[in-house]
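In: Quick one, what's the 3D model for this:
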Amino acid sequence: MQSVVLAFSCKQRCLCPSCHAKRQAAFGEFVTGEILEPVPHRHVVLSLPRRLRPFFRRRKRLTRLARLAYETLKELLQAAAGTHTAVPVAVACLRVPATSWIGIPTCIS
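Out: Residues are numbered from 1 along each chain as shown. Okay, here's the model as predicted:
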C-alpha cells in the first residue's frame with residue numbers, strides 16, 4: 001500500500017470526516033468520563049429546518065439560538081421538578097449536514 005501525503009490539512013477545523021470522527025469520539029469519551037455524573041440523563045436533539053438555516057449562518061445567531069433553547073429546557077425541567085434551584089447541564093454540539101462533506105479530501109495522520 002502506498003501512502004500519499006496531501007498538501008491539504010484540516011488543522012482541527014473539522015473539515016475532513018476522518019479527523020472529525022476522531023475528535024468526536026475523543027470528545028464523547030471526555031464528556032462521559034469527566035463531566036457526566038452517574039445520574040439519569042436525557043438526550044435532546046434540536047434541529048433547524050432547512051428554510052431557516054440561511055438566517056443562522058452567523059455563529060453569534062446560532063449561539064444565541066442554542067442559549068435560548070437551553071433556557072427553555074431549563075425552565076421546563078425546573079417546573080417538572082418543582083424547584084427553581086436545580087440547574088441542568090447541557091453540552092451543545094453543532095452538526096454540519098453530511099452534504100457539505102462531499103468532495104473534501106481526508107487528512108492522513
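In: Could you use CA atoms for every contact and neighbour count after this?
Out: Fine.
In: Give me the buried stretch members for the longest helix along the chain, please.
Out: As assigned by DSSP state H, the longest helix anywhere in the chain is helix 59-81. By 16 or more other C-alpha atoms under 10 Å, the buried positions in helix 59-81 come out as L62, A66, Y70, K74, E75, L77, Q78.
In: and that helix, average pLDDT?
Out: Helix 59-81 shows a mean pLDDT of 89.
In: okay, that helix in PDB with CA atoms only?
Out: C-alpha atoms of helix 59-81 as PDB (Å, rounded to 0.1, in the frame of the first residue of the first chain):
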ATOM      1  CA  ARG A  59     -22.100  32.000  14.600                       C
ATOM      2  CA  LYS A  60     -23.400  34.600  17.000                       C
ATOM      3  CA  ARG A  61     -27.000  34.000  16.000                       C
ATOM      4  CA  LEU A  62     -26.600  30.200  16.300                       C
ATOM      5  CA  THR A  63     -25.000  30.600  19.700                       C
ATOM      6  CA  ARG A  64     -27.900  32.800  20.800                       C
ATOM      7  CA  LEU A  65     -30.400  30.200  19.500                       C
ATOM      8  CA  ALA A  66     -28.600  27.500  21.400                       C
ATOM      9  CA  ARG A  67     -28.700  29.600  24.600                       C
ATOM     10  CA  LEU A  68     -32.400  30.300  24.200                       C
ATOM     11  CA  ALA A  69     -33.100  26.600  23.700                       C
ATOM     12  CA  TYR A  70     -31.100  25.800  26.900                       C
ATOM     13  CA  GLU A  71     -33.000  28.400  28.900                       C
ATOM     14  CA  THR A  72     -36.300  27.000  27.700                       C
ATOM     15  CA  LEU A  73     -35.300  23.400  28.600                       C
ATOM     16  CA  LYS A  74     -34.100  24.600  31.900                       C
ATOM     17  CA  GLU A  75     -37.400  26.300  32.800                       C
ATOM     18  CA  LEU A  76     -39.400  23.200  31.700                       C
ATOM     19  CA  LEU A  77     -37.200  20.800  33.800                       C
ATOM     20  CA  GLN A  78     -37.300  23.100  36.800                       C
ATOM     21  CA  ALA A  79     -41.100  23.300  36.600                       C
ATOM     22  CA  ALA A  80     -41.300  19.500  36.300                       C
ATOM     23  CA  ALA A  81     -39.000  19.100  39.300                       C
END
